[in-house]
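# Below is the structure, and that's it, no one-letter string:
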């Protein structure tokens with residue numbers, strides 16, 4: 001599975017990339033929404049972890065653009081204040097929202113659920 005991590009905090013990016021790489025995923029990362037839009041067009045990502053509050057272009061703006069290009073790409077929004085943004089992010093097409101700080105178990109559970117959904121879509125010809 002190829003995953004893109006988008007967060008302006010270098011510590012969060014590094015942590016997610018290390019953990020996901022150790023779990024066997026191919027992981028790339030960028031620091032803002034504008035770079036995410038450019039990177040996502042480069043190649044076949046199967047999952048996007050996207051922070052909400054970032055410079056240049058925030059996560060919700062990036063989500064709108066990415067969703068228009070890749071409507072079926074699973075997107076997990078990340079934010080320190082998710083309660084304010086959960087509805088808006090889901091309305092924009094996010095699969096779910098993660099509260100920062102998050103634990104590694106939560107990340108792994110989300111990926112397992114996304115893999116299960118992908119298998120169901122393939123079985124039923126969705127996507």
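Sure thing, it's come through. Keep in mind that this is a model prediction, so the values were computed, not measured.
# from here on, contacts and neighbour counts on C-alpha atoms
Will do.
# Now do the strands in the chain.
With DSSP state E, the ranges of strands along the chain come out as 2-6, 26-30, 47-51, 75-79, 96-99.
# tell me the most buried of those strands?
The highest mean neighbour count among the strands of the chain, using mean count of other CA atoms under 10 Å, belongs to strand 47-51: a mean of 26.
# Reformat the strands of the chain into a markdown table and put mean pLDDT and distance to residue 68 next to each item.
Below are the strands of the chain laid out as a markdown table (pLDDT from 0 to 100; distance: least, CA to CA, whole Å):
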| stretch | mean pLDDT | distance to residue 68 |
| --- | --- | --- |
| strand 2-6 | 96 | 17 |
| strand 26-30 | 96 | 20 |
| strand 47-51 | 94 | 14 |
| strand 75-79 | 89 | 13 |
| strand 96-99 | 79 | 18 |
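# got those as JSON lines, with distance to residue 38 columns?
Output for the strands of the chain, formatted as JSON lines (distance: least, CA to CA, whole Å):
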{"stretch": "strand 2-6", "distance to residue 38": "12"}
{"stretch": "strand 26-30", "distance to residue 38": "10"}
{"stretch": "strand 47-51", "distance to residue 38": "13"}
{"stretch": "strand 75-79", "distance to residue 38": "16"}
{"stretch": "strand 96-99", "distance to residue 38": "22"}
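# Which one, of the ones you listed, ends up nearest to residue 117?
With respect to residue 117, and counting by CA to CA, the nearest of the strands of the chain is strand 47-51 at 12.1 Å.
# Quickly note the distance from residue 15 to residue 105.
Separation of residue 15 from residue 105 (CA to CA, to the nearest Å): 13 Å.
# more neighbours, the two?
Residue environment comparison for residue 15 versus residue 105 gives the larger neighbour count to residue 15, 12 against 9, counting by other CA atoms under 10 Å.
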